[in-house]
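Chemist: structure, please.
(3 chains)
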Amino acid sequence: IDGPMTASELRRSGILSSFTILRKLEGGILPLGFMKKVDDKKIKDGMNALIVEHSERALLNCLMNKLCKLDTDVLVGHNISGFDLDVLLHRSQACKVPSGVWSRIGRLKRSMMPKLTKGTTLYGSGASPGIMSCIAGRLLCDTYLCSRDLLKEASYSLTELSRTQLNKNREEIAPHDIPAKFQSSESLLQLIDCGETDAWLSLELMFHLSILPLTRQLTNISGNLWGKTMQGARAQRVEYLLLHAFHAKKYIVPDKSIGTSKSSIATKKRLASADVENRNDLHTDEHTEQVKSKKGPAYAGGLVLEPKKGLYDKFVLLLDFNSLYPSIIQEYNLCFTTIERSLDGLPSCLPSSTITGVLPELLKNLVERRKMVKSWLKTASGLKAQQFDIQQQALKLTANSLYGCLGFTNSRFYAKPIAELITSQGRDILQSTVDLVQNVLNLEVIYGDTDSIMIYSGLDDITKARIMAAKVIQEVNKKYRRLEIDLDGIYKRMLLLKKKKYAAVKVQFKDGKPYEVIERKGLDIVRRDWSLLAKESGEMCLCQILSGGSCDDVVETIHSYLMKVQQDMRNGEIELEKYVIRKTLTKSPEEYPDGRNQAHVQVALRMKQSGFSTGCSAGDTISYVICCVQGAISNSGGIAERARHPDELKTNNGNWIIDIEYYLSQQIHPVVSRLCAFIQGTDPARLADCLGLDASKFQHKTFESISNDPSSVLASVLDADDRYHGCEPLRLTCQSCSSSFDCPPILTFFSTSRDSTAMDFENNKETNNDFWRRFCCPRCPEDTEGSKITSAMIANQVKRQAENLISLYYKGIMICDDEMCKHTTRSLNLCVLGDSERGTVCPNYPQCNGHLRKQYTEAEVYKQLSYFCHIFDAKHCIEKLDSNRRVLFEKELKRIYPMINLAFATAQKIRDRCSYGWVQLNDLSVSV
DNA sequence: CTGGTAGGGGAAGACT
DNA sequence: AGTCTTCCCCTAC
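Modeler: Predicted coordinates:
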């Protein structure tokens, strides 16, 4: 129990034995010749026994007697507390197994069966107190509950854990398939084998995760009960830890309030404060703010910096404070014994006491012990090393869980003021660290969350980046006694999308050699509640984006991948499993007030209705797919109505089919377009197009991104002059004299003549509007051969200039905004595309403090293309005129229209394509 | 009864 | 028809 047990040790013969007890089904018989097979198996398996009993009662009797005879110390099973024990005891009750027999499941003899069910079936609650009391004297190790505590996995089913942790395949047998297994000897033996394998897998998982040694260490540190540690019960561990610590210092601790009604809590608290009269008593929160219902956050937590979003392709430094909250408690001597209580509900002040409080001393002790163990660990090997490692883990876990219990309403040591003070100090520390790094060290902080900051180094050289990190660490650590910041990682490339959502290529070292791993945080692709299909698409895009390939290649690869996915989906080549979405029920499905709108609730309710007893109650994860009725024109109804369990689809003769459109537009598209938000050369509309969706539905997002960009103007509210301020004029070239001139907007034709008579503009040959009258090169003498500008010429030149512009945009030239620097660079590899508020740091840094900005932004390209449209937008001009003038120009327009219609259409086509997102040059096939 | 808060994002309904 | 609010789930720290 002191160290982990390896799989090879586990299998050494003679060490471990097993037995299986089997009975025939009610009203059924065992397969012919089965007993013969059992005898064969007995010989083959040696000490692994197979016992056949004639009834359920006999089976239970046999099992209980076996357990008694073995006098087992630990009962191990996957979800044993949530299922197996419950079944065994309920069936013992139902089969009238004598109390002297069923109580052998524990070490305490009992005569009455306790109440097995509990009031509320809560999420991950494990066994009821009644059940737990039955196994008194033995430890219960539920590998399901323990895995949930110790691992971060998408699924905690035995099948998944066997695969991810033990690298073994586990065969799943659905409960309703079990009766069929009794029909032949072969299948029955296979069933027995599966049952035994499951038991072994659970045991192996326990050893693999070192559950026994770890929980033993945790229990030794806190001084609580081992069995409770194994049930999770982190709050209780901290409670015991503090009880011991305060008791040792001769403090009186508060009673634990266990009432549910407000009045009983208040009474208890009054009693508690009456008991303790000196001011060394502990904080109790007099404001019994609705402890039960809803419970929003009771106090402010960690600070999350607004990220400077974008793709960074030079080194990013990740620095974080080592166990921030425990360090704060020590740094500022925060304790029940040191903090002045504020009566007015205002936040407490930092203590001035010079006497070290109980909590800081306790933590100091834990930290020192951990340091010591870690030093032993360095020279130890084998089992000793493993023990030390587990011990240091336990010490760290204990130190880190203290804060949580200070803020936990039902904790005996609930102390909102202290918890609040801790987090508030944490926020101050993070903010002042950011200020130091940005204002004193002049480095760019791009993000930070609670205890970490990320610094964009702007460096290509990892050695220089390390030096930079060392400098920052040195400067920050100067400021604190116990608090310590450290380098937690160096990212070679990083995509920063939102708060708590980013991915990065982390550079790590093994034996001095660097290697890269991709870290993904918070993104849709790490969440269970997206379909595998969407996550795989997102994963592919992310890998491309972080690959360091050229912008064109990345965009091209993503686009073609999406088109392939769409094709595969429509051809039915994607397996059902990839469409499955998983969500956990946090309540019983009936308890949802508005369950009608929730897919997983609806599916769970239907499962219950069709006779499932497990897998559809609180805490269970529900799998579903979104469907539509085959042949239906529109998908009416909410998502919840169209959600089906994958098995429902297999058995309903194809009435319901996968809703491909839903998966394209609501699963793949949002996931992918969020990842590509900062990638040049694509946008939501373009991605939608690749997926075969109506791109115009995503157009507003393009506009949104444009209007959010402060560099763009709010085009709609401005007059034409202002609106197109800064736009390149449309240059027309005369074929005769090869000189070029600016094509004036047609608006000038109307506006300059607004207050002039027809006579005036007859004589006005040098003005802009002369062009719109004559359609001739202004440089060439009148009526020169070839000086006439034709309709096709205008259209062609519009097209050419628009293409040039777009091509310039795609070159992605970045220019430094520092007037003195004006450094220009071509972003060959998806160059850093900073937040719109602030570009990325100039490569000339630190000589130059400017930031790179795109020379041509999407907004500017769009504005320019709109200007080209505006030049020819005669209809718009006419509409602005009053009826008198309108008549005057109708005649002129009849002449002008044929000349400009083609150019106008051309300009519009290009602009609209651009706004839809397909600004790829090869797509610009305008027929002229 | 069985640590904490911050935050994104889907879905639906109320509101303007 | 868009915006806001609410609930729900899952994640980061």
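
Chemist: state the pLDDT value of A:S712.
Modeler: Looking at A:S712, its pLDDT stands at 30.

Chemist: list the buried residues for stretch A:33-46?
Modeler: Buried residues in stretch A:33-46, defined by neighbour count with 16 or more other C-beta atoms under 10 Å: A:F34, A:K37, A:V38, A:K41. All C-beta spots, glycine's among them, are computed from the backbone N, C-alpha and C.

Chemist: which of those residues fall in helices?
Modeler: Counted as lying in helices by DSSP state H, out of these, are A:F34, A:K37, A:V38, A:K41.

Chemist: return the residues in contact with the closest residue to the second one other than its chain neighbours.
Modeler: If I follow you right, that is A:K37. Closest residue to A:K37 apart from its sequence neighbours, by C-beta to C-beta, 6 or more residues apart in numbering: A:S185 at 4.9 Å. A:S185 makes contact with A:P31, A:L32, A:G33, A:F34, A:K37, according to C-beta atoms under 8 Å, 6 or more residues apart in numbering.

Chemist: apply 6 Å and report the result again.
Modeler: Contacts for A:S185 (C-beta atoms under 6 Å, 6 or more residues apart in numbering) come out as A:P31, A:G33, A:F34, A:K37.

Chemist: which one of those is nearest DNA strand C?
Modeler: If you rank these by distance to DNA strand C using C-beta to the nearest atom of the strand, A:P31 comes first, at 41.0 Å.

Chemist: let me have the contacts of A:S185 in a markdown table, adding pLDDT as columns.
Modeler: Below are those laid out as a markdown table (pLDDT from 0 to 100):
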| residue | pLDDT |
| --- | --- |
| A:P31 | 91 |
| A:G33 | 88 |
| A:F34 | 89 |
| A:K37 | 83 |
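
Chemist: now flag whichever of the residues you listed is closest to A:Q797.
Modeler: The nearest member of the contacts of A:S185 to A:Q797, counting by C-beta to C-beta, is A:P31 at 86.9 Å.

Chemist: name the helix or strand for that closest one, please.
Modeler: According to DSSP states H and E, A:P31 maps onto no helix or strand at all.

Chemist: ok, now A:M454?
Modeler: Using DSSP H and E, A:M454 maps to strand A:452-456.

Chemist: contacts for that strand?
Modeler: A:Y312, A:V316, A:L317, A:L318, A:L319, A:D320, A:L443, A:E444, A:V445, A:I446, A:Y447.

Chemist: can you narrow those residues down to the ones near DNA strand C?
Modeler: Among these, the ones lying near DNA strand C by C-beta under 7 Å from any atom of the strand are A:D320.

Chemist: among the contacts of strand A:452-456, which one sits closest to DNA strand B?
Modeler: DNA strand B has its nearest neighbour among those in A:Y447, at 11.4 Å by C-beta to the nearest atom of the strand.

Chemist: that closest one against A:E306, yeah?
Modeler: No. Between A:Y447 and A:E306 there is no contact under C-beta atoms under 6 Å: 8.3 Å.

Chemist: quick one, which of the two is more surrounded?
Modeler: A:Y447 (24 against 12; other C-beta atoms under 10 Å).

Chemist: what about that one, helix or strand, and which?
Modeler: According to DSSP H and E, A:Y447 maps onto strand A:444-448.
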